[in-house]
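Participant: coords below, sequence missing:
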């Protein structure tokens, strides 16, 4: 069964460093998403991406964040200069289309720890 | 703005007992509602979703949920819990956004423990 994969499973970085979180969505999917969950808090929407551009972003997704689909398979989230409060679990998701609220398939997440 | 409340942080039930996980939402229009489950080390998996029509929705793994507009609720139920149902359960509201995509607003989740 196809699934969304994410690497690494755990990333530890120093404050101020750049990190890139990687995701491989399901191959025929067209819509891609990033969510995050700070420990003990809700899963929060960050950004959606379609047709090689951002279609929606939340207020969390400021200039420190960027997304890219560098090739036909990967979807990345870059945090340019990490802050302590960026420590969270980051989930990638993909869906075949947006119509009929088609299911978003989630990856297992990357736990980011900023020291 | 839409919001989702799951009032129970942790629930423990005995195997074979019935289960109801509560979810209340706040949303100005007709809500699109989802239940996801997350097992340790796994991603979120969709259990069921409600768009319109029949207010009782059947999902995978024997789960069902009932949409009650008057109570702004979308509670998840299962008549007989199995040990493998131990996981964290998330209720979510979908909001259609640009270019046909939609974003999910999640509750904080309810952790389910099952006693053998």
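Facilitator: Structure received. Keep in mind the model is a prediction, meaning the values are calculated, not measured.

Participant: Low-confidence stretches in chain A?
Facilitator: A:98-101 (pLDDT under 70).

Participant: wait, chain B
Facilitator: In chain B, residues with pLDDT under 70: B:98.

Participant: For chain A, list the residues in contact with chain B, please.
Facilitator: With Cβ under 8 Å from any Cβ of the partner chain as the criterion, chain A meets chain B at residues A:3-4, A:31, A:33, A:35, A:41-45, A:48, A:50-51, A:55-56, A:58, A:91, A:93, A:95, A:97-101, A:103-109. No exception for glycine: its C-beta is placed from N, CA and C like everyone else's.

Participant: Quickly note the distance from residue A:26 to residue A:108.
Facilitator: 14 Å (Cβ to Cβ, to the nearest Å).

Participant: Ok, residue B:82 next?
Facilitator: Taken as Cβ to Cβ, the span from residue B:82 to residue A:108 is 22 Å.

Participant: bridging residues for residue A:32?
Facilitator: Beta-bridge partners of residue A:32, counted by DSSP bridges, are residue A:49, residue A:94.

Participant: you'd agree it is up against residue A:24?
Facilitator: No. Contact criterion Cβ atoms under 8 Å: residue A:32 and residue A:24 do not qualify, at 10.4 Å.

Participant: Between the two, tell me which one has more neighbours.
Facilitator: residue A:32 (24 against 16; other Cβ atoms under 10 Å in any protein chain shown).

Participant: Skipping adjacent residues, who's closest to residue B:23 in space?
Facilitator: Closest residue to residue B:23 apart from its sequence neighbours, by Cβ to Cβ, 6 or more residues apart in numbering or on different chains: residue B:91 at 3.5 Å.

Participant: Which strand or helix spans that neighbour?
Facilitator: Using DSSP states H and E, residue B:91 sits in strand B:87-96.

Participant: Which neighbours in the sheet does the following helix or strand past that strand have, and how are they oriented?
Facilitator: Next helix or strand after strand B:87-96 toward the C-terminus (DSSP H and E): strand B:102-106. Next to strand B:102-106 in the sheet, as set by DSSP bridges, lie strand B:87-96 (antiparallel).

Participant: Of the residues of chain A next to chain B, grab the buried ones for ChimeraX.
Facilitator: Buried members of those, defined by 16 or more other Cβ atoms under 10 Å in any protein chain shown, are picked up in ChimeraX with:
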select /A:4,31,33,35,42,43,44,45,48,50,55,56,58,91,93,95,98,101,104,105,106,107,108,109
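
Participant: Just to be sure, which of the residues of chain A next to chain B are found in strands?
Facilitator: A:31, A:33, A:35, A:43-45, A:48, A:50, A:55-56, A:91, A:93, A:95, A:105-106 (DSSP state E).

Participant: Of these, which is the nearest to residue B:113?
Facilitator: residue A:43 (20.4 Å; Cβ to Cβ).

Participant: hang on, the closest one packs against residue A:37?
Facilitator: Yes. Contact criterion Cβ under 8 Å: residue A:43 and residue A:37 qualify, at 4.5 Å.

Participant: got any residues that touch both of the two?
Facilitator: residue A:91 (Cβ atoms under 8 Å, 6 or more residues apart in numbering or on different chains).

Participant: separation between residue B:6 and residue B:22?
Facilitator: From residue B:6 over to residue B:22 the distance is 7 Å, taken as Cβ to Cβ.

Participant: and these two? which has more neighbours close in?
Facilitator: Taking other Cβ under 10 Å, residue B:6 and residue B:22 do not tie; residue B:6 has more neighbours (19 against 16).
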